[in-house]
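**Student:** model the following, please.
(one chain, ligands or ions: 1)
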Amino acid sequence: MPVRFDESKGAVVWLEQTLLPPDKAEGRDETWLTSTKTADFIRALKRLEVRGAPTIGVFAAYAVASLTFNVPNGESDPIAYIQREAERIANARPTAVNLRWAVNKMLSTLEELGPTPSLEDVRKAFLTEAKTIEKNEYEAGKRIGEFGNSLIEDGTTIFTRCNAGQVACGGFGTAGGVWRTSWAASKDISVVAATTLPLMQGARITMWELERDGIPSTLIGDNAVAWKLANTPGKKAFVVGADRILLNGEVANKIGTFQDAILAQFFGVPFYVAAPLSTIDPVSTSIPIEMRDPEEVKNLLGKLRITTRTARAENPAFDVTPRDLISGIITEKGIARAPYSESLSALKGANPRSARRVV
Ligand code: MRU
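**Tutor:** Numbering: from 1, shown residues only. From the prediction side, this is the model:
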(Lines give C-alpha, C1' and ligand atoms only; values in the text may rest on other atoms or scores of the structure.)
Protein backbone atom coordinates (compact mmCIF):
# COMPACT_ATOMS: atom_id res chain seq x y z
CA MET A 1 0.00 0.00 0.00
CA PRO A 2 1.63 3.30 -1.11
CA VAL A 3 -0.09 5.39 1.62
CA ARG A 4 -0.57 4.67 5.34
CA PHE A 5 -1.87 6.48 8.38
CA ASP A 6 0.01 6.66 11.68
CA GLU A 7 -2.73 7.03 14.28
CA SER A 8 -0.28 7.65 17.13
CA LYS A 9 0.81 10.91 15.44
CA GLY A 10 -2.22 11.61 13.26
CA ALA A 11 0.27 11.61 10.38
CA VAL A 12 0.12 10.49 6.77
CA VAL A 13 2.94 8.23 5.59
CA TRP A 14 3.62 7.88 1.87
CA LEU A 15 5.97 6.23 -0.58
CA GLU A 16 8.01 8.93 -2.35
CA GLN A 17 7.26 7.98 -5.96
CA THR A 18 9.64 10.42 -7.63
CA LEU A 19 12.50 8.33 -6.20
CA LEU A 20 11.29 5.06 -7.72
CA PRO A 21 12.61 2.60 -8.67
CA PRO A 22 14.78 1.64 -5.72
CA ASP A 23 18.09 0.08 -6.67
CA LYS A 24 19.80 -2.06 -4.04
CA ALA A 25 23.05 -2.20 -6.06
CA GLU A 26 23.24 1.59 -5.94
CA GLY A 27 22.21 1.64 -2.27
CA ARG A 28 18.83 3.28 -3.01
CA ASP A 29 15.96 1.86 -1.02
CA GLU A 30 12.30 2.95 -0.99
CA THR A 31 11.85 6.36 0.66
CA TRP A 32 8.81 6.87 2.91
CA LEU A 33 7.82 10.34 4.09
CA THR A 34 5.64 11.33 7.05
CA SER A 35 3.81 14.57 7.74
CA THR A 36 0.88 16.22 9.46
CA LYS A 37 1.11 19.49 7.52
CA THR A 38 -1.16 20.73 4.75
CA ALA A 39 1.80 22.37 2.96
CA ASP A 40 3.58 19.00 2.80
CA PHE A 41 0.44 17.24 1.53
CA ILE A 42 0.05 19.81 -1.23
CA ARG A 43 3.74 19.62 -2.14
CA ALA A 44 3.57 15.80 -2.26
CA LEU A 45 0.63 15.98 -4.67
CA LYS A 46 2.08 18.69 -6.90
CA ARG A 47 5.56 17.10 -7.10
CA LEU A 48 4.04 13.63 -7.78
CA GLU A 49 5.59 12.15 -4.65
CA VAL A 50 2.07 10.76 -4.42
CA ARG A 51 0.49 10.16 -7.81
CA GLY A 52 -1.97 8.01 -9.75
CA ALA A 53 -5.65 8.89 -9.44
CA PRO A 54 -6.86 6.24 -6.94
CA THR A 55 -3.79 6.65 -4.71
CA ILE A 56 -4.24 10.43 -4.81
CA GLY A 57 -7.79 9.87 -3.50
CA VAL A 58 -6.62 7.62 -0.66
CA PHE A 59 -3.85 10.08 0.23
CA ALA A 60 -6.27 13.04 0.24
CA ALA A 61 -8.65 11.13 2.51
CA TYR A 62 -5.90 10.48 5.07
CA ALA A 63 -4.62 14.05 4.72
CA VAL A 64 -8.08 15.34 5.65
CA ALA A 65 -8.22 12.86 8.55
CA SER A 66 -4.82 14.15 9.69
CA LEU A 67 -6.23 17.69 9.92
CA THR A 68 -8.50 16.59 12.78
CA PHE A 69 -5.46 15.53 14.83
CA ASN A 70 -3.58 18.75 14.22
CA VAL A 71 -5.92 21.72 14.67
CA PRO A 72 -3.71 24.64 15.83
CA ASN A 73 -4.08 25.67 19.47
CA GLY A 74 -6.43 28.58 19.89
CA GLU A 75 -8.31 27.89 16.62
CA SER A 76 -11.76 29.30 17.38
CA ASP A 77 -13.70 27.20 14.84
CA PRO A 78 -11.92 23.85 14.28
CA ILE A 79 -14.48 22.57 11.75
CA ALA A 80 -14.20 25.69 9.61
CA TYR A 81 -10.40 25.33 9.80
CA ILE A 82 -10.60 21.70 8.64
CA GLN A 83 -12.92 22.62 5.78
CA ARG A 84 -10.58 25.43 4.63
CA GLU A 85 -7.48 23.24 4.73
CA ALA A 86 -9.31 20.36 3.00
CA GLU A 87 -10.28 22.75 0.21
CA ARG A 88 -6.61 23.67 -0.28
CA ILE A 89 -5.72 19.98 -0.56
CA ALA A 90 -8.54 19.39 -3.07
CA ASN A 91 -7.14 22.13 -5.31
CA ALA A 92 -3.57 20.77 -5.47
CA ARG A 93 -4.04 19.15 -8.90
CA PRO A 94 -6.90 19.68 -11.35
CA THR A 95 -7.30 16.60 -13.56
CA ALA A 96 -7.59 13.44 -11.42
CA VAL A 97 -11.15 13.69 -10.14
CA ASN A 98 -10.38 11.25 -7.30
CA LEU A 99 -8.75 14.12 -5.39
CA ARG A 100 -11.88 16.26 -5.21
CA TRP A 101 -14.08 13.16 -4.92
CA ALA A 102 -12.20 11.90 -1.83
CA VAL A 103 -12.12 15.31 -0.10
CA ASN A 104 -15.85 15.80 -0.72
CA LYS A 105 -16.58 12.29 0.54
CA MET A 106 -14.65 13.00 3.74
CA LEU A 107 -16.34 16.36 4.34
CA SER A 108 -19.78 14.94 3.63
CA THR A 109 -19.46 12.72 6.72
CA LEU A 110 -19.81 15.95 8.74
CA GLU A 111 -23.45 16.12 7.65
CA GLU A 112 -24.23 12.99 9.66
CA LEU A 113 -22.67 14.35 12.86
CA GLY A 114 -25.21 17.03 13.71
CA PRO A 115 -24.71 20.80 13.88
CA THR A 116 -21.93 20.99 16.51
CA PRO A 117 -19.90 17.78 16.50
CA SER A 118 -16.94 17.40 18.86
CA LEU A 119 -13.49 17.21 17.31
CA GLU A 120 -13.23 13.69 18.69
CA ASP A 121 -16.38 12.65 16.80
CA VAL A 122 -15.12 14.21 13.58
CA ARG A 123 -11.76 12.47 13.99
CA LYS A 124 -13.44 9.08 14.40
CA ALA A 125 -15.79 9.63 11.47
CA PHE A 126 -12.98 10.83 9.19
CA LEU A 127 -10.70 7.94 10.05
CA THR A 128 -13.46 5.42 9.40
CA GLU A 129 -14.24 7.06 6.05
CA ALA A 130 -10.59 7.24 4.98
CA LYS A 131 -10.06 3.56 5.82
CA THR A 132 -13.18 2.69 3.82
CA ILE A 133 -11.92 4.64 0.81
CA GLU A 134 -8.55 2.86 1.02
CA LYS A 135 -10.17 -0.59 1.29
CA ASN A 136 -12.64 0.11 -1.50
CA GLU A 137 -9.95 1.30 -3.93
CA TYR A 138 -7.87 -1.81 -3.25
CA GLU A 139 -10.87 -4.09 -3.76
CA ALA A 140 -11.99 -2.16 -6.84
CA GLY A 141 -8.59 -2.97 -8.36
CA LYS A 142 -9.10 -6.67 -7.70
CA ARG A 143 -12.53 -6.69 -9.33
CA ILE A 144 -11.32 -4.58 -12.27
CA GLY A 145 -8.60 -7.21 -12.65
CA GLU A 146 -11.18 -9.99 -12.84
CA PHE A 147 -13.41 -8.20 -15.36
CA GLY A 148 -10.38 -7.12 -17.38
CA ASN A 149 -8.92 -10.61 -17.40
CA SER A 150 -12.05 -11.84 -19.19
CA LEU A 151 -11.00 -9.62 -22.13
CA ILE A 152 -7.43 -10.86 -22.34
CA GLU A 153 -6.83 -13.96 -24.42
CA ASP A 154 -3.96 -16.33 -23.77
CA GLY A 155 -0.89 -15.14 -25.65
CA THR A 156 -1.78 -11.44 -25.68
CA THR A 157 0.82 -8.67 -25.68
CA ILE A 158 -0.63 -5.85 -23.56
CA PHE A 159 0.46 -2.29 -24.40
CA THR A 160 0.25 0.39 -21.73
CA ARG A 161 1.32 3.92 -20.85
CA CYS A 162 2.35 5.63 -17.63
CA ASN A 163 1.60 3.70 -14.47
CA ALA A 164 -1.71 2.37 -13.26
CA GLY A 165 -0.35 -0.38 -11.03
CA GLN A 166 0.02 -0.96 -7.31
CA VAL A 167 1.55 2.35 -6.27
CA ALA A 168 -0.78 4.46 -8.42
CA CYS A 169 -3.99 2.70 -7.51
CA GLY A 170 -4.17 2.08 -3.79
CA GLY A 171 -2.25 -1.18 -3.68
CA PHE A 172 -3.50 -3.54 -6.39
CA GLY A 173 -3.77 -1.71 -9.69
CA THR A 174 -6.37 -0.87 -12.32
CA ALA A 175 -4.67 -1.46 -15.68
CA GLY A 176 -2.02 -3.24 -13.59
CA GLY A 177 -4.79 -5.23 -11.93
CA VAL A 178 -5.76 -6.60 -15.35
CA TRP A 179 -2.36 -8.02 -16.27
CA ARG A 180 -1.67 -9.17 -12.71
CA THR A 181 -4.92 -11.14 -12.74
CA SER A 182 -4.25 -12.61 -16.18
CA TRP A 183 -0.75 -13.59 -15.09
CA ALA A 184 -2.09 -15.16 -11.88
CA ALA A 185 -4.55 -17.11 -14.06
CA SER A 186 -1.50 -18.57 -15.86
CA LYS A 187 -2.17 -16.79 -19.12
CA ASP A 188 0.85 -16.43 -21.35
CA ILE A 189 0.90 -12.62 -21.50
CA SER A 190 3.53 -9.95 -21.72
CA VAL A 191 3.38 -6.18 -21.24
CA VAL A 192 4.91 -3.43 -23.35
CA ALA A 193 5.28 -0.19 -21.39
CA ALA A 194 5.97 3.20 -22.99
CA THR A 195 8.56 5.28 -21.12
CA THR A 196 6.06 8.16 -20.67
CA LEU A 197 7.88 11.42 -20.98
CA PRO A 198 8.53 13.74 -19.30
CA LEU A 199 8.44 12.13 -15.84
CA MET A 200 8.95 8.54 -16.97
CA GLN A 201 6.34 6.81 -14.84
CA GLY A 202 6.22 3.93 -17.37
CA ALA A 203 9.97 3.36 -17.27
CA ARG A 204 10.50 4.07 -13.57
CA ILE A 205 7.42 2.53 -11.97
CA THR A 206 5.49 0.23 -14.33
CA MET A 207 8.64 -1.67 -15.31
CA TRP A 208 9.68 -1.99 -11.66
CA GLU A 209 6.26 -3.35 -10.70
CA LEU A 210 6.19 -5.77 -13.63
CA GLU A 211 9.64 -7.09 -12.73
CA ARG A 212 8.62 -7.51 -9.07
CA ASP A 213 5.62 -9.57 -10.24
CA GLY A 214 7.78 -11.59 -12.64
CA ILE A 215 5.58 -10.65 -15.61
CA PRO A 216 7.42 -10.65 -18.96
CA SER A 217 7.80 -7.02 -19.97
CA THR A 218 9.49 -4.74 -22.49
CA LEU A 219 10.16 -1.03 -22.20
CA ILE A 220 9.89 1.06 -25.38
CA GLY A 221 10.45 4.74 -26.02
CA ASP A 222 7.33 6.87 -26.30
CA ASN A 223 7.90 7.27 -30.03
CA ALA A 224 8.27 3.51 -30.67
CA VAL A 225 4.63 2.52 -30.14
CA ALA A 226 3.72 2.33 -33.86
CA TRP A 227 6.90 0.40 -34.63
CA LYS A 228 6.25 -2.05 -31.79
CA LEU A 229 2.63 -2.60 -32.83
CA ALA A 230 3.75 -3.25 -36.41
CA ASN A 231 6.44 -5.66 -35.23
CA THR A 232 4.59 -7.67 -32.59
CA PRO A 233 2.98 -10.80 -34.00
CA GLY A 234 -0.11 -12.36 -32.46
CA LYS A 235 -2.83 -10.96 -30.23
CA LYS A 236 -2.47 -7.44 -28.90
CA ALA A 237 -4.51 -5.15 -26.65
CA PHE A 238 -4.04 -1.78 -24.98
CA VAL A 239 -4.96 -1.47 -21.31
CA VAL A 240 -4.45 1.97 -19.74
CA GLY A 241 -5.65 3.72 -16.59
CA ALA A 242 -7.58 6.98 -16.30
CA ASP A 243 -7.55 10.16 -14.26
CA ARG A 244 -11.07 11.33 -15.08
CA ILE A 245 -13.84 9.80 -17.17
CA LEU A 246 -16.90 11.77 -18.19
CA LEU A 247 -20.29 10.08 -18.38
CA ASN A 248 -20.15 10.55 -22.16
CA GLY A 249 -17.14 8.20 -22.32
CA GLU A 250 -14.34 10.74 -22.87
CA VAL A 251 -11.24 9.68 -20.92
CA ALA A 252 -8.42 11.84 -19.55
CA ASN A 253 -5.23 9.89 -19.02
CA LYS A 254 -1.49 10.57 -19.11
CA ILE A 255 -0.29 12.59 -22.08
CA GLY A 256 0.27 10.30 -25.06
CA THR A 257 -2.78 8.13 -24.44
CA PHE A 258 -4.79 9.81 -27.21
CA GLN A 259 -1.93 9.04 -29.64
CA ASP A 260 -1.89 5.41 -28.43
CA ALA A 261 -5.64 5.12 -29.06
CA ILE A 262 -5.28 6.46 -32.61
CA LEU A 263 -2.53 3.92 -33.26
CA ALA A 264 -4.65 1.15 -31.75
CA GLN A 265 -7.44 1.97 -34.19
CA PHE A 266 -5.01 2.04 -37.14
CA PHE A 267 -3.69 -1.41 -36.24
CA GLY A 268 -7.12 -2.85 -35.30
CA VAL A 269 -6.05 -3.44 -31.69
CA PRO A 270 -8.69 -3.15 -28.92
CA PHE A 271 -8.16 -0.18 -26.61
CA TYR A 272 -9.38 -0.70 -23.03
CA VAL A 273 -9.45 1.78 -20.14
CA ALA A 274 -9.41 0.40 -16.60
CA ALA A 275 -10.54 2.64 -13.72
CA PRO A 276 -12.63 2.55 -10.56
CA LEU A 277 -16.02 4.25 -10.39
CA SER A 278 -14.39 6.97 -8.23
CA THR A 279 -12.64 8.14 -11.43
CA ILE A 280 -15.97 8.68 -13.21
CA ASP A 281 -17.05 12.30 -12.92
CA PRO A 282 -20.86 12.34 -13.04
CA VAL A 283 -21.14 16.12 -13.19
CA SER A 284 -18.55 17.78 -15.44
CA THR A 285 -18.91 18.17 -19.19
CA SER A 286 -15.27 18.98 -19.85
CA ILE A 287 -11.96 18.01 -18.25
CA PRO A 288 -9.43 20.51 -16.90
CA ILE A 289 -5.97 19.55 -18.15
CA GLU A 290 -3.06 20.17 -15.83
CA MET A 291 -0.34 22.25 -17.52
CA ARG A 292 2.88 21.53 -15.65
CA ASP A 293 6.15 23.44 -15.51
CA PRO A 294 7.77 23.46 -19.01
CA GLU A 295 11.12 22.87 -17.28
CA GLU A 296 10.02 19.22 -16.86
CA VAL A 297 10.12 18.89 -20.66
CA LYS A 298 13.35 20.84 -21.06
CA ASN A 299 15.28 18.86 -18.42
CA LEU A 300 15.36 15.05 -18.17
CA LEU A 301 14.03 14.28 -14.70
CA GLY A 302 15.35 17.67 -13.57
CA LYS A 303 18.92 16.48 -14.08
CA LEU A 304 19.96 17.10 -17.66
CA ARG A 305 18.93 20.00 -19.87
CA ILE A 306 18.15 18.64 -23.34
CA THR A 307 17.43 21.86 -25.19
CA THR A 308 18.47 25.46 -25.22
CA ARG A 309 18.07 27.49 -22.07
CA THR A 310 15.58 29.71 -23.89
CA ALA A 311 13.52 27.07 -25.75
CA ARG A 312 9.79 27.60 -25.44
CA ALA A 313 8.16 24.40 -24.17
CA GLU A 314 4.67 23.21 -23.25
CA ASN A 315 3.90 20.50 -20.74
CA PRO A 316 0.32 19.22 -20.75
CA ALA A 317 0.21 16.35 -18.24
CA PHE A 318 -2.88 14.67 -19.71
CA ASP A 319 -4.88 14.37 -22.89
CA VAL A 320 -8.46 13.37 -23.57
CA THR A 321 -9.21 10.30 -25.67
CA PRO A 322 -12.51 10.51 -27.58
CA ARG A 323 -14.93 7.72 -26.74
CA ASP A 324 -15.08 6.47 -30.34
CA LEU A 325 -11.52 5.16 -29.96
CA ILE A 326 -12.29 3.22 -26.77
CA SER A 327 -13.34 -0.44 -26.97
CA GLY A 328 -14.46 -0.71 -23.35
CA ILE A 329 -14.11 0.87 -19.92
CA ILE A 330 -13.40 -1.70 -17.21
CA THR A 331 -14.76 -0.81 -13.76
CA GLU A 332 -15.26 -2.77 -10.54
CA LYS A 333 -18.93 -3.20 -11.41
CA GLY A 334 -18.48 -4.38 -14.98
CA ILE A 335 -17.30 -3.38 -18.44
CA ALA A 336 -18.95 -0.35 -19.99
CA ARG A 337 -19.36 -0.40 -23.77
CA ALA A 338 -20.70 2.18 -26.21
CA PRO A 339 -23.05 3.94 -25.96
CA TYR A 340 -21.17 5.09 -22.87
CA SER A 341 -23.73 7.66 -21.75
CA GLU A 342 -26.03 4.76 -20.90
CA SER A 343 -23.53 2.13 -19.77
CA LEU A 344 -21.41 4.42 -17.56
CA SER A 345 -24.45 6.10 -16.04
CA ALA A 346 -25.89 2.70 -15.16
CA LEU A 347 -22.63 1.57 -13.52
CA LYS A 348 -22.14 4.86 -11.67
CA GLY A 349 -25.82 5.16 -10.75
CA ALA A 350 -25.96 8.61 -12.35
CA ASN A 351 -28.29 10.49 -14.65
CA PRO A 352 -27.39 9.85 -18.35
CA ARG A 353 -28.70 13.30 -19.30
CA SER A 354 -25.57 14.86 -17.78
CA ALA A 355 -23.51 12.94 -20.35
CA ARG A 356 -22.71 15.25 -23.27
CA ARG A 357 -20.06 15.10 -25.96
CA VAL A 358 -17.21 17.53 -25.33
CA VAL A 359 -14.45 16.82 -27.88
O1 MRU B 1 0.54 12.62 -13.25
P2 MRU B 1 0.28 11.26 -12.65
O3 MRU B 1 1.48 10.39 -12.61
O4 MRU B 1 -0.49 11.33 -11.36
O5 MRU B 1 -0.67 10.65 -13.75
C6 MRU B 1 -1.61 9.74 -13.48
C7 MRU B 1 -1.26 8.48 -14.10
O8 MRU B 1 -0.44 7.79 -13.56
C9 MRU B 1 -1.85 8.02 -15.33
O10 MRU B 1 -2.46 8.94 -16.09
C11 MRU B 1 -2.57 6.73 -15.08
O12 MRU B 1 -2.66 6.06 -16.26
C13 MRU B 1 -3.95 6.90 -14.50
S14 MRU B 1 -3.97 7.02 -12.78
C15 MRU B 1 -3.81 5.38 -12.26
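
**Student:** rest of the way, CA atoms for contacts and neighbours
**Tutor:** Will do.

**Student:** and A63, how close does it get to the ligand?
**Tutor:** Shown here: A63 relative to the ligand, a distance of 17 Å by Cα to the nearest ligand atom, to the nearest Å.

**Student:** how many neighbours does the nearest residue to Q201 once chain neighbours are set aside have?
**Tutor:** Excluding the flanking residues, the one nearest Q201 by Cα to Cα, 6 or more residues apart in numbering is C162, at 5.0 Å. C162 sits with 28 neighbouring residues when counted by other Cα atoms under 10 Å.

**Student:** read off the pLDDT value for C162.
**Tutor:** The confidence metric pLDDT takes the value 98 at C162.

**Student:** residues contacting it?
**Tutor:** Neighbouring residues of C162 by Cα atoms under 8 Å, 6 or more residues apart in numbering: A193, A194, T195, T196, M200, Q201, G202, A203, T206, K254.

**Student:** from those, which land in strands?
**Tutor:** Among the contacts of C162, DSSP state E puts A193, A194, K254 in strands.

**Student:** what is the nearest of those residues to the ligand?
**Tutor:** Out of these, the one with the shortest distance to the ligand is K254. That distance is 3.6 Å, counting by Cα to the nearest ligand atom.

**Student:** spatially nearest residue to the closest one, not counting backbone neighbours?
**Tutor:** Excluding the flanking residues, the one nearest K254 by Cα to Cα, 6+ apart is F318, at 4.4 Å.

**Student:** which bits of this protein sit near the ligand?
**Tutor:** Contact residues of the chain with respect to the ligand, defined by Cα under 6 Å from any ligand atom, are listed as 51-53, 162-164, 168-169, 240-243, 253-254.

**Student:** from the residues you listed, which land in strands?
**Tutor:** Applying DSSP E to the residues of the chain next to the ligand, the entries found in strands are V240, N253, K254.

**Student:** tell me how many other residues crowd N315.
**Tutor:** Summarising burial for N315: neighbours were counted as other Cα under 10 Å, giving 17.

**Student:** now do the contacts for it.
**Tutor:** Counting by Cα under 8 Å, 6+ apart, N315 makes contact with M291, R292, D293, P294, E296, V297.

**Student:** against S217, how distant is G202?
**Tutor:** Taking Cα to Cα, to the nearest Å as the criterion, G202 is separated from S217 by 11 Å.

**Student:** out of the contacts of C162, who has the most neighbours?
**Tutor:** Neighbour counts for these, by other Cα under 10 Å, peak at T206, which reaches 30 neighbours.

**Student:** mind pulling the model confidence for it?
**Tutor:** The per-residue pLDDT reported for T206 equals 98.

**Student:** pretty sure it is touching G165, no?
**Tutor:** Yes - the pair T206 / G165 is scored as a contact, 6.7 Å apart, by Cα atoms under 8 Å.

**Student:** need the three-state assignment for G176.
**Tutor:** Secondary structure of G176, reduced to three states by DSSP: H, G, I helix; E, B strand; the rest coil: helix.

**Student:** correct me, but it touches G165?
**Tutor:** Yes - using Cα under 8 Å as the test, G176 is close enough to G165 to be in contact (4.2 Å).
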